[in-house]
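Student: Quick one: sequence and predicted model below, then my questions.
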Amino acid sequence: MRAPKLTRRSFLKTAAAGTAVAAAVGVLSGCTHDGSEEVSDPVVVDEDSAEDILETFESVDPTLVEEAVWSFPLGNVLHPAEGTWIPVTTAGSSATPMVKASALSLASGQLVEVVSEPVGKGTTRVIYDARCSDYAYAWVELDLHSRDWALYAAPFSGGTLSGEAVTLWEGDKDFDPAPFVVSERTVVWQVQPSTSGSRTTEHSSCYVWHLGDSDAKAVVESPGRFATAPALSGDAVVLAPRVRADEGVYYGVTAYSLSDDLETRLDQLVMPQNVRPFRATRVGERFLVSVEASYSTGGLLGRMGTYVGTADGSFFRLNREPSEVGCGHGDVVILKSQASYFVIDLAKRQYAVLASADRAVDYGDYPARSGECDLFVTFATVKDADTGYPATVAVRTFRL
């Protein structure tokens with residue numbers, strides 16, 4: 001792992017932009033939160049003490065109203081975002097570039113190209129991932145041969161990059177490409193050792209950077225890999241670092257405040273020993289945590305499923321194999337199972353099943369929201385009704 005070299009590179013930005021410069025930012029050392037700070041006690045819940053949603057809640061017809069449906073060419077993959085623009089990775093029309101970074105306007109349904117080619121040079125360099133808000137766009141590039149990667153960010157407005165791009169981080173094959181999120185004018189990312197590299201014993205760190213800053217901040221350190229990617233939820237970001245490292249393997253699903261660069265820990269749910277969370281976010285004051293395997297210890301939280309609740313041990317459980325990170329608003333949460341979505345109203349003690357897009361079950365229907373949201377967005381690869389072959393990417397929106 002290495003901080004960006006203080007060099008400058010030129011690259012051709014997108015359509016209306018012309019030539020721009022990618023400048024590296026520095027990284028301030030030190031972490032607000034590290035593995036030695038005081039953390040909450042592990043939460044162990046008796047197997048019969050949490051409500052099973054499918055057994056105790058009333059099943060009702062879906063109440064979400066479909067607001068918009070758009071159809072796009074194959075090869076477009078949406079990624080979770082908080083605003084009116086959704087980041088999209090788009091298959092290129094030729095082998096070079098293999099992937100482009102795009103954005104979808106939820107206001108108009110227009111899909112626009114944002115980064116037309118990688119900043120880094122070389123035929124094996126590709127755009128690997130992208131995230132955006134209504135004000136900033138960030139993307140990771142990966143060299144498919146060397147496994148070197150870099151994280152870039154730039155101001156974003158109206159569907160185009162509106163300012164100079166910067167290099168936030170560069171890594172090699174010993175470190176995973178950074179999982180990251182973008183909120184307003186802030187980028188949050190994790191750097192952690194690869195499980196197959198030569199640096200597996202090194203700590204992982206989370207960083208924060210704001211548009212216009214010359215430096216990023218190291219804010220959270222994990223003595224080992226984070227269990228989940230960062231997830232946005234309103235004014236919070238949820239991480240799952242290793243905690244209580246001197247006692248064993250524990251993961252602390254933790255909500256940090258974005259307003260003060262993660263200095264404030266809003267809430268924390270420490271999983272039972274050896275239980276690794278699969279996905280984690282927060283809706284209101286409740287955590288949404290999924291576990292993808294059943295463990296021999298750990299009580300109820302050591303069983304496969306998705307749990308909605310708080311650190312005091314008050315949980316609801318969806319007893320289905322988890323898939324993607326959840327989202328919702330108020331007392332309504334949306335959890336994805338393998339073939340559909342469960343729309344759960346915790347106050348009314350009801351649930352409804354929102355089916356995947358027609359002819360999309362083979363390839364999956366996925367959410368493009370996580371955490372707090374009042375407009376639910378999904379996308380799916382759908383098959384042609386006559387040929388049975390993949391035909392289009394369908395995007396749907398629903399108002400909560």
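Tutor: Yep, that arrived.

Student: can you give me the helices for the stretch 1-150 of the chain?
Tutor: In the stretch 1-150 of the chain, the helices defined using DSSP state H, counting those that start in this stretch lie at 53-56.

Student: Just give the number of residues close to the residue lying closest to residue 83 once chain neighbours are set aside.
Tutor: In space, not counting the residues next to it along the chain, residue 83 is nearest to residue 134; the distance is 3.9 Å by Cβ to Cβ, 6 or more residues apart in numbering. In short, each C-beta sits where N, CA and C put it, glycine included. Applying other Cβ atoms under 10 Å, we find 18 other residues in the vicinity of residue 134.

Student: doesn't residue 156 make contact with residue 134?
Tutor: Yes - with contacts counted by Cβ atoms under 8 Å, residue 134 reaches residue 156, the gap being 7.5 Å.

Student: which residues are in contact with both of the two?
Tutor: For the pair residue 134 and residue 156, residues contacting each of them under the criterion Cβ atoms under 8 Å, 6 or more residues apart in numbering are residue 85.

Student: gap between the helix or strand where residue 154 lies and the chain center?
Tutor: Secondary structure here is read from DSSP states H and E; on that basis residue 154 sits in strand 149-157. Chain-centre distance of strand 149-157: 16 Å, with Cα atoms, centre = their mean, to the nearest Å.

Student: which strands and helices sit next to that strand?
Tutor: In this structure, strand 149-157 makes packing contacts with strand 136-143, strand 165-171, strand 186-191, judged by 3 or more Cβ pairs under 8 Å, 6 or more residues apart in numbering; DSSP states H and E.

Student: Format those strands as JSON lines; extra columns: mean neighbour count and distance to residue 71.
Tutor: Listed next are the helices and strands packed on strand 149-157 as JSON lines, based on neighbours: other Cβ atoms under 10 Å; distance: least, Cβ to Cβ, whole Å:
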{"stretch": "strand 136-143", "mean neighbour count": "24", "distance to residue 71": "24"}
{"stretch": "strand 165-171", "mean neighbour count": "23", "distance to residue 71": "31"}
{"stretch": "strand 186-191", "mean neighbour count": "25", "distance to residue 71": "31"}
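
Student: With distance to residue 267 added, can I get those in a markdown table?
Tutor: Supplementary listing: these in a markdown table, determined by distance: least, Cβ to Cβ, whole Å:
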| stretch | distance to residue 267 |
| --- | --- |
| strand 136-143 | 26 |
| strand 165-171 | 27 |
| strand 186-191 | 17 |
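
Student: Export those strands as TSV, with columns for distance to residue 301 and mean pLDDT.
Tutor: Written out in TSV, the entries for the helices and strands packed on strand 149-157 read as follows (distance: least, Cβ to Cβ, whole Å; pLDDT from 0 to 100):
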stretch	distance to residue 301	mean pLDDT
strand 136-143	32	98
strand 165-171	32	96
strand 186-191	23	98
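
Student: which stretch among those comes nearest residue 204?
Tutor: Judged by Cβ to Cβ, the one of the helices and strands packed on strand 149-157 that comes nearest to residue 204 is strand 186-191, at 6.2 Å.

Student: Give me the contacts around that closest one.
Tutor: 1, 131, 136, 138, 151, 153, 168-169, 171, 175, 178-182, 204-211, 226, 229-230, 237, 239, 258, 262.

Student: May I see the buried residues of whichever helix or strand comes after it?
Tutor: The helix or strand immediately downstream of strand 186-191 is strand 204-210, counting by DSSP H and E. Within strand 204-210, the residues that qualify as buried are 204-209, counting by 16 or more other Cβ atoms under 10 Å.

Student: ok, now which ones touch the residue nearest the centre of the chain?
Tutor: Using Cα atoms, centre = their mean, the residue of the chain that lies closest to the mean C-alpha position is residue 231, 4.9 Å off. By Cβ under 8 Å, 6+ apart, the contact list for residue 231 reads 80, 181, 237-238, 279-282, 325, 370-371.

Student: The helix or strand hosting residue 341 pairs with which strands, parallel or anti?
Tutor: For residue 341, the element it lies in under DSSP H and E is strand 340-345. Within its sheet, and counting by DSSP bridges, strand 340-345 is paired with strand 332-336 (antiparallel), strand 350-355 (antiparallel).

Student: before we move on, the earlier item: residue 394 is nearest to which of the helices and strands packed on strand 149-157?
Tutor: In terms of Cβ to Cβ, the element of the helices and strands packed on strand 149-157 nearest to residue 394 is strand 136-143, at 24.1 Å.

Student: Which strands or helices does the closest one pack on?
Tutor: Counting contacts by 3+ Cβ pairs under 8 Å, 6+ apart, strand 136-143 is packed against strand 99-105, strand 111-115, strand 125-132, strand 149-157, strand 180-183, strand 186-191.
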